[in-house]
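Chemist: No sequence on hand, only this structure:
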């Protein structure tokens, strides 16, 4: 472990690192579908939805002339295509809005809130997520996430892993990149953060994608901290 005495703030990937998006959405939609009398393979919809997540952001990145598009809008566009693909019938505009805002209602992993609370006692803590500000704010209220502030790709009009996100977070905090630690369950996110001068902490979430998980079972880079959960990160940072 490298010298972490200069770290003053921790920024967190959220989807998969702080919250269990897959279980949350599937459970929510199965209950909701039963109440509405709408039958669908909600598991396939959720997996398909997350499956086009990266491509939807790449499209924004490739077409700067169109302007930045926040994640809520990308989610809605992808959902409309998937509803048609899976032939889910009878959905109103209000229904599509409910499903899209399912991403605002995600439950934390069991260690998340307690671990964040410990880390908050010593460090500034914030998300650094591709989710938009409203999504992250509503999620924090729903899940009880004790952030000091909410930082989103929307603030920088760039999605991770663009450098503008990591460097922008440090700038908004009034810190040098090396005074900020990126916490994520995704090695690729940490690699991009590390290349931009941030410290790094990896926590494994091996069930994030359920049976579809193919990567990120373990740390694959030279990260400053590797821990099994947020409590383990707090232990190593003396919280």
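Modeler: Sure, I can see it. If you're wondering where the values come from, they're calculated on a predicted model, not measured in any experiment.

Chemist: And residue 119, how far from residue 134?
Modeler: 24 Å (C-beta to C-beta, to the nearest Å). Glycine gets a C-beta too; all of them are placed from N, C-alpha and C.

Chemist: And those two? Which one has more around it.
Modeler: residue 119 (23 against 16; other C-beta atoms under 10 Å).

Chemist: contacting residues for that one?
Modeler: 10, 125, 230, 233-234, 237, 239 (C-beta atoms under 8 Å, 6 or more residues apart in numbering).

Chemist: Also residue 194?
Modeler: 182, 200, 221, 223.

Chemist: same question, residue 204
Modeler: Contacts of residue 204 (C-beta under 8 Å, 6+ apart): 185, 216-219, 228.

Chemist: Next, work out how far apart it and residue 155 are.
Modeler: 28 Å.

Chemist: Buried ones in stretch 200-213, by neighbour count?
Modeler: 200-203, 205, 208-209 (16 or more other C-beta atoms under 10 Å).

Chemist: Mind telling me what element the residue lying closest to residue 161 once chain neighbours are set aside is part of?
Modeler: Leaving out its chain neighbours, the residue that sits closest to residue 161 by C-beta to C-beta, 6 or more residues apart in numbering is residue 192, at 3.4 Å. Secondary structure from DSSP states H and E places residue 192 in helix 187-195.

Chemist: average model confidence for that helix?
Modeler: Summarised as a single mean, pLDDT over helix 187-195 is 97.

Chemist: How about stretch 42-49?
Modeler: pLDDT averaged over stretch 42-49 gives 93.

Chemist: now do stretch 8-17
Modeler: So the average pLDDT for stretch 8-17 ends up being 98.

Chemist: Need the distance between the two termini of it.
Modeler: One end of stretch 8-17 sits 20 Å from the other (C-alpha to C-alpha, to the nearest Å).

Chemist: Report the residue ranges of every domain in this structure.
Modeler: 9-20+106-237, 22-104 (the TED database).
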